[in-house]
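K.L.:
predicted model, plus sequence, below.
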Amino acid sequence: MSGLFTRALVAVTLASVLSGAAYAADPAAGKSVFQSTCGICHSAQPGANKIGPTLFGVVGRKTGSVPGYTYSPQNLAANLTWDPATLDKYLEAPRATIPGTKMTYAGLKDPAKRADLIAYLETLK
Amino acid sequence: MHPRSSKLFALMALSAAGWMSLHGPARTQPADVHPIPQSLRVEHDETIERLTMLAKRAGPVGAEARAALVVFKRHAAREQEFILPPLTLLPLLADGKVTPDMAWAVTMADRVKAEREQIFEEHTQVTDVLNALVVAATRAHDKDAAEFAEAAAADSLNDIELLEPTVLLIGDYLRARLPAAH
């Protein structure tokens, strides 16, 4: 019985920690990450493509789908939907996720910064 | 070394030193390699000149420009060594002219193919340092410096989208058209 209680306690604690981590993502900090790592190539404004496509509305859209932007063939063929999970994977290692992508970015290795950045990207709608 | 060879070597060294003193270290193109297209040489020189000017400033803009200058110079030197020279052949190739003395470009194109991921990695480093320069310039309300850094980053993408694939095509084309001896 006490073993069951312990396992339940661990499960509740783990769930609490994980949900706490999710809620801890900070869009304001993510905006700062965006400016310091993404801003030279991407805008946050609708329809404003730069070297990279606009990231306005990126969460929920398909890869290679921004009008007026010329994607790499690899990105066009990737057939992914940019949700928090795919963004997290891509932002950590872009060329590993979509080999041949022309995004000149080595990857954001800090999971907390990625979470903040994705939280900010989710506000761009 | 044979005395006559020594004299010849000394003469060559003096000539090289004279050339350097005339043209100075600001030039990005050594004399003893295949040249790159003039338009790209101008672009490299202008970027280095602009970064050098920004690097002389105090504060964050100067610090980021100094970091960018180191990364850009290193990358530009490699571009000039073996990535961009084959592009000088394009006008001749477009006229249908292929001659055996173009074989050097196949060697360079093969190296580009072999080091493509490493070259891409260098572009990510260039973009990173230019991004940092944009951030510092924006904070300093220096619109000119920010716009310059953004334009330089666009040039980096131009390399990836156009120039490097073109070099690979030149290599494949020459390999197909040159005598089998190569």
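P.N.:
Now that the structure is in, tell me what you want to look at. Numbering: from 1, shown residues only, chains lettered A, B, ... in the order given.
K.L.:
run through chain B and note the low-pLDDT ranges.
P.N.:
B:1-32, B:180-182 (pLDDT under 70).
K.L.:
for it, what lies in contact range of chain A?
P.N.:
For chain B, the residues in contact with chain A (C-beta under 8 Å from any C-beta of the partner chain) are B:117, B:120-121, B:123-128, B:130-132, B:134-135, B:138, B:149-150, B:153-154, B:156-157, B:160-161. Any C-beta I mention is one placed from the backbone N, CA and C, and that applies to glycine too.
K.L.:
distance check, the nearest residue to A:Tyr69 once chain neighbours are set aside against chain B.
P.N.:
Spatial nearest neighbour of A:Tyr69, chain neighbours left out: A:Pro53 (4.0 Å); criterion: C-beta to C-beta, 6 or more residues apart in numbering or on different chains. For A:Pro53, the distance to chain B (C-beta to the nearest C-beta, to the nearest Å) stands at 12 Å.
K.L.:
just give me the neighbour total for A:Pro53.
P.N.:
A:Pro53 is flanked by 24 other residues according to other C-beta atoms under 10 Å in any protein chain shown.
K.L.:
what sits against it?
P.N.:
A:42, A:66, A:69, A:71 (C-beta atoms under 8 Å, 6 or more residues apart in numbering or on different chains).
K.L.:
tell me the SS of it?
P.N.:
coil (DSSP: H, G, I helix; E, B strand; the rest coil).
K.L.:
again, but for A:Asp88
P.N.:
helix.
K.L.:
circling back to that earlier point, show me the residues of chain B next to chain A that map onto helices.
P.N.:
Secondary structure defined by DSSP state H assigns B:117, B:120-121, B:123-128, B:130-132, B:134-135, B:138, B:149-150, B:153-154, B:156-157 of the residues of chain B next to chain A to helices.
K.L.:
residue ranges of the strands in chain B, please?
P.N.:
Using DSSP state E, no strands are assigned anywhere in chain B.
K.L.:
which residues in it form helices?
P.N.:
Going by DSSP H, chain B shows helices at B:3-23, B:38-55, B:59-78, B:90-94, B:103-114, B:116-139, B:143-158, B:164-177.
K.L.:
export the fifth one to PDB, keeping only CA atoms.
P.N.:
When you say that, I think you mean helix B:103-114. Coordinates of each C-alpha in helix B:103-114 appear next as PDB, following Å, rounded to 0.1, in the frame of the first residue of the first chain:
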ATOM      1  CA  ALA B 103      40.500  21.400 -65.100                       C
ATOM      2  CA  TRP B 104      41.500  23.200 -61.900                       C
ATOM      3  CA  ALA B 105      37.800  24.200 -61.500                       C
ATOM      4  CA  VAL B 106      36.800  20.500 -61.200                       C
ATOM      5  CA  THR B 107      39.200  20.000 -58.300                       C
ATOM      6  CA  MET B 108      37.800  23.100 -56.600                       C
ATOM      7  CA  ALA B 109      34.200  22.000 -57.200                       C
ATOM      8  CA  ASP B 110      34.900  18.600 -55.800                       C
ATOM      9  CA  ARG B 111      36.300  20.200 -52.700                       C
ATOM     10  CA  VAL B 112      33.100  22.300 -52.400                       C
ATOM     11  CA  LYS B 113      31.000  19.200 -52.700                       C
ATOM     12  CA  ALA B 114      33.100  17.400 -50.100                       C
END
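K.L.:
which helices and strands does it pack with?
P.N.:
helix B:164-177 (3 or more C-beta pairs under 8 Å, 6 or more residues apart in numbering or on different chains; DSSP states H and E).
K.L.:
and the angle from the helix it packs on to helix B:116-139?
P.N.:
160 degrees (axes from the mean of the first three to the mean of the last three C-alpha atoms, to 10 degrees).
K.L.:
show me which residues of chain A sit near chain B.
P.N.:
A:35-41, A:50-51, A:95, A:102, A:104-106.
K.L.:
try it again with 7 Å
P.N.:
A:35-37, A:39-41, A:51, A:102, A:104-106 (C-beta under 7 Å from any C-beta of the partner chain).
K.L.:
done for today, thanks.
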